[in-house]
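Asks: whatever this is, show me its structure:
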Amino acid sequence: MPIRRDKRDRYVEIEVGAPAEPLWVRCESCGELIFRRKLQENQYVCPRCGAYFFLSAPERVASLVDEGSFEELPPPRIEEDPLGFSDQVPYKERLSRARVETNLNEAVLAGRAKVQGIPVILAVMDFRFIGGSMGVGVGEILALAMERAAEERKPFVLVVASGGARVQEGVLSLLQMVKVVAARETLAQAGVPYIAILTYPSTGGVLASIGGIADVTIAEEGALIGFAGPRVIEQTTGERLPPGFQTAKFALEHGIVDAVVPRAKLKEELVRALSVLAGEG
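Replies: Numbers count the residues shown, from 1 in each chain. Reported below is the predicted structural model:
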């Protein structure tokens, strides 16, 4: 029976029947063999040990919004591979592979939706797409989503799942940090609330820009939150990091996030925040 590592991380898939949809998955944290449907019903949380599996952007959207309410925003036109970058694999080929594997055009999915009847503009990053990295395409989509939220006076909700900047786009990727921060300012000027949900992982330039400047910041239990890896920080500062560094609990204790919430209660917490900030209910 063939076994392969899945893009979600933390588990391997046991292929039974069609390779595209294995019936069983194994949790790498505890070794439990789990029926896929049972895992889906448990929102991709291991029923034995509580380890969190990655959610794709469409799965995350489905878990947060009212059924059938999501309407994707038309993606902006951008120039692909602006630097003609190539390492072991040409960048255009990486993009093509990511699109086939994820069925997404870019590493973020944005659109209009309703969360328990409250209209929002929602953007959800997908770590499967080149590590959820932010290049020109992601920056344009996020900026467009925030502009629509300001124009339509709808709360903006961002779910972060990113390793940071997209190295294949060099300095153009870093410039997206400026772009999204400027777009976030349009929300503030319009008096439109912005809620960020940090998941595993929320790191690099995304956290240092749009991910770290929300009106309310919620961390999913099990989230990894930080700018650089612990080893890099220790080598740079010459100091050992405290236990639990970059965990959601550590971020809460040090005022980086406002709440740490289990995945099963994320929508409930989001509704609570929206009800206060948007004046609903």
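
Asks: please count neighbours and contacts with C-alpha atoms only from this point.
Replies: Fine.

Asks: helix, strand or coil for the residue nearest the centre of the chain?
Replies: Nearest to the mean C-alpha position of the chain, by Cα atoms, centre = their mean, lies residue 161 at 2.5 Å. Classification of residue 161 by DSSP: H, G, I helix; E, B strand; the rest coil places it in strand.

Asks: wait, it touches residue 125, no?
Replies: Yes. Because the distance of 5.3 Å satisfies Cα atoms under 8 Å, residue 161 is recorded as touching residue 125.

Asks: find the residues that touch each one of these two.
Replies: Common neighbours of residue 161 and residue 125, using Cα atoms under 8 Å, 6 or more residues apart in numbering, are residue 132.

Asks: do you have the strands of the stretch 51-200 of the chain handy? List them.
Replies: Along the stretch 51-200 of the chain, the stretches classed as strands by DSSP state E, counting those that start in this stretch are 71-72, 108-115, 118-125, 156-162, 194-203.

Asks: buried deepest among the ones you listed, which one?
Replies: For the strands of the stretch 51-200 of the chain, the stretch with the most neighbours on average is strand 156-162, a mean of 27; neighbours defined as mean count of other Cα atoms under 10 Å.

Asks: what pairs with that strand, parallel or antiparallel?
Replies: Partner strands and pairing direction for strand 156-162 (DSSP bridges) are strand 118-125 (parallel), strand 194-203 (parallel).

Asks: contact partners of it?
Replies: Looking at what lies outside strand 156-162 - Cα under 8 Å, 6+ apart - the contacts are 120-127, 131-134, 145-146, 149, 192-204, 206, 211.

Asks: dump that strand to PDB, restricted to CA.
Replies: Taking Å, rounded to 0.1, in the frame of the first residue of the first chain, the C-alpha atoms of strand 156-162 are listed here in PDB:
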ATOM      1  CA  PHE A 156     -12.200  43.200   6.200                       C
ATOM      2  CA  VAL A 157     -11.100  39.700   7.500                       C
ATOM      3  CA  LEU A 158      -7.700  38.200   6.700                       C
ATOM      4  CA  VAL A 159      -6.700  34.600   7.500                       C
ATOM      5  CA  VAL A 160      -2.900  34.400   7.500                       C
ATOM      6  CA  ALA A 161      -1.100  31.300   6.500                       C
ATOM      7  CA  SER A 162       2.300  32.300   5.100                       C
END
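
Asks: quick one: work out the angle between that strand and strand 108-115.
Replies: Our comparison of strand 156-162 with strand 108-115, counting by axes from the mean of the first three to the mean of the last three Cα atoms, to 10 degrees, yields an angle of 140 degrees.

Asks: relative to the whole chain's centre, how far out is strand 156-162?
Replies: Averaging C-alpha coordinates over strand 156-162 and over its chain gives two centres that are 5 Å apart (Cα atoms, centre = their mean, to the nearest Å).
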